[in-house]
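Student: sequence and predicted structure, then a few things I'm wondering about:
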Amino acid sequence: MVKKSIGACWDKSTKARLRMDANVAGKVNSNSPIGSESFFHKFMKVLFFSRDYTPHDYRFLKAITEIGHECYYLRLEDRGQNLERRNLPDSVRLVDWKWGKLHRNPANDPDVIHDLKTIWNEIRPDVIHTGPLPDVSWLAAKADLHPHAAMSWGFDLMHDIEISAEMRATTAAALQNADWFLGDCYVERDMAASLGLNPAHATIFPWGVDLKKLVREKSSIREKLAQEDDFVLISLRTMEPNYSVATIVKGFLLAAQKIASLKLLLIGDGSQKNMLQQIVSLAPEDVQKRIFWIGRKKNDELKDYYCASDLYLSASITDGTSVSLLEAMAFEVPVLVSAIPGNLEWVTTGETGLLFETNNEQMLSEKILYCYYNQEKLDTIAKAARRMVDENADWEKNKYLLTTAYEQAIAIAKSRT
């Protein structure tokens, strides 16, 4: 059955907590080089159970094995979206079961739960790491698997629980069953606590970025996309309702009719792409030509696009800590983002970025124009943002908090028996 892989409001107290968690991670990292057991009690056998295979799954699977744990990967479904093209990281063992090859059908949940128990008994992991909450973590809860570290993916607590009473109920059940909670921002922990999580049983750490690789350099594609004096905006959010890319497009169209040197790079895809193209088709032809539909790009191709850009945009209406936001800040691209709690943990207006109201394309347009006319101020903001991620979003440090969370889950599970 197991195969080897072939391949809330922002405030100063929140800021302090974020720095504290990052400092703890830094101490773990400095005392515990990969392969060392000087800090950890032991290396563990981890069953990583997730919905589909995405870049974030790759990130966590790679981190778990780099820390030194033995990692088994269990996939709930395959939606055929091919969101991550890289093979599983080396040393990750793929658990081969029929459910990971199909689109999930809730009618099959009793059989899925039965098979989960069978896999648990075969592998005998030290801990199961699950998420998203409403389906994956809930299934592990129904199978009563412990120790259980349940992780929010941001959208599950910020959006999915509002879709239906059932999704709220399954999320609450998962949180109440889990031994420990993982989240990437404090607004997620607070939302989880409102659903029954003991807030003391939580590890909050930004998923972070590889800062050594994210250094701004001359872009090889800038000259192909823009003139020297053009002001290039970039959006990397998936074209789905949660991310309100329509607000980005409408805000750009308003601003672009006033400034001829504005250009917009739209990286990504999604169910709303046709709708977005219809919106653009109503604009003057010269403005339409200044929007570039780039499509999906591999992670290692994104650097050129970040470095070709003068301003990062995100209009998400619900989110945790956005990795693309952290990447933009690391590349010293000034950021202009919606004023939602997840973003407010990183962006202080005028200091580390700029903000606008959700679903307000008029305000976004005005802020774009402000950035264009005040480019000399953006460099200072971008450098402060880089310092922010250097201090708080270093994945090479933060990933070690996974072990802390696993150890806490094991301790809580033992205390319950």
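Tutor: Sure, I can see it.
Student: tell me the SS of residue 326?
Tutor: Classification of residue 326 into helix, strand or coil gives helix, according to DSSP: H, G, I helix; E, B strand; the rest coil.
Student: can you give me the helices in the stretch 301-417 of the chain?
Tutor: Along the stretch 301-417 of the chain, the segments classed as helices by DSSP state H, counting those that start in this stretch run 302-307, 323-330, 341-344, 361-373, 375-392, 395-398, 401-416.
Student: which elements pack onto the third one?
Tutor: Read it as helix 341-344. The helices and strands touching helix 341-344, judged by 3 or more C-beta pairs under 8 Å, 6 or more residues apart in numbering; DSSP states H and E, are helix 186-194. Yep, even glycine has a C-beta here, placed from its N, CA and C like the rest.
Student: at 10 Å instead, please
Tutor: helix 186-194, strand 335-338 (3 or more C-beta pairs under 10 Å, 6 or more residues apart in numbering; DSSP states H and E).
Student: could you do the longest one as well?
Tutor: When contacts are defined as 3+ C-beta pairs under 10 Å, 6+ apart, helix 375-392 packs onto helix 12-31, strand 311-314, helix 323-330, strand 335-338, strand 354-356, helix 361-373.
Student: and if we set it to 7 Å?
Tutor: Applying 3 or more C-beta pairs under 7 Å, 6 or more residues apart in numbering; DSSP states H and E, we find helix 375-392 packed against helix 12-31, helix 323-330.
Student: hmm, back to that, and the helices of the stretch 301-417 of the chain: which comes nearest residue 70?
Tutor: With distances scored as C-beta to C-beta, the stretch of the helices of the stretch 301-417 of the chain nearest to residue 70 is helix 401-416 (12.0 Å).
Student: may I see the buried residues of the closest one?
Tutor: Going by neighbour count (16 or more other C-beta atoms under 10 Å), the buried part of helix 401-416 is 401, 402, 403, 404, 405, 406, 407, 408, 409, 410, 412, 413.
Student: wait, what's in contact with the second one?
Tutor: Contact analysis of residue 402 by C-beta atoms under 7 Å, 6 or more residues apart in numbering lists 63, 64, 67.
Student: tell me which of the helices of the stretch 301-417 of the chain is the most buried.
Tutor: Sort the helices of the stretch 301-417 of the chain by mean neighbour count, taking mean count of other C-beta atoms under 10 Å, and helix 323-330 sits at the top with a mean of 25.
Student: what's the spacing between it and its chain's center?
Tutor: Centroid displacement of helix 323-330 relative to its chain, using C-alpha atoms, centre = their mean, to the nearest Å, is 10 Å.
Student: how about the helices of the stretch 301-417 of the chain in a markdown table, adding mean pLDDT and distance to residue 266?
Tutor: Rendered in a markdown table, the data for those read as follows (pLDDT from 0 to 100; distance: least, C-beta to C-beta, whole Å):
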| stretch | mean pLDDT | distance to residue 266 |
| --- | --- | --- |
| helix 302-307 | 96 | 10 |
| helix 323-330 | 95 | 13 |
| helix 341-344 | 91 | 20 |
| helix 361-373 | 98 | 15 |
| helix 375-392 | 96 | 21 |
| helix 395-398 | 91 | 26 |
| helix 401-416 | 95 | 33 |
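Student: redo those as a markdown table? Include distance to residue 93.
Tutor: Written out in a markdown table, the entries for the helices of the stretch 301-417 of the chain read as follows (distance: least, C-beta to C-beta, whole Å):
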| stretch | distance to residue 93 |
| --- | --- |
| helix 302-307 | 29 |
| helix 323-330 | 26 |
| helix 341-344 | 33 |
| helix 361-373 | 46 |
| helix 375-392 | 32 |
| helix 395-398 | 23 |
| helix 401-416 | 17 |
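Student: which of those helices sits closest to residue 286?
Tutor: Among the helices of the stretch 301-417 of the chain, the nearest to residue 286 by C-beta to C-beta is helix 361-373 (17.2 Å).
Student: any low-confidence regions in this protein?
Tutor: Using pLDDT under 70 as the threshold, the predicted model of the chain has low-confidence ranges 1-41.
Student: which of the contacts of residue 402 lies closest to residue 289?
Tutor: Checking the contacts of residue 402 against residue 289 by C-beta to C-beta gives residue 63 as the nearest, at 42.2 Å.
Student: from memory residue 248 sits against residue 316, does it?
Tutor: No - contact between residue 248 and residue 316 fails when scored by C-beta atoms under 7 Å: they sit 10.0 Å apart.
Student: intersection of neighbour lists for the two?
Tutor: Common neighbours of residue 248 and residue 316 (criterion: C-beta under 7 Å, 6+ apart): none identified.
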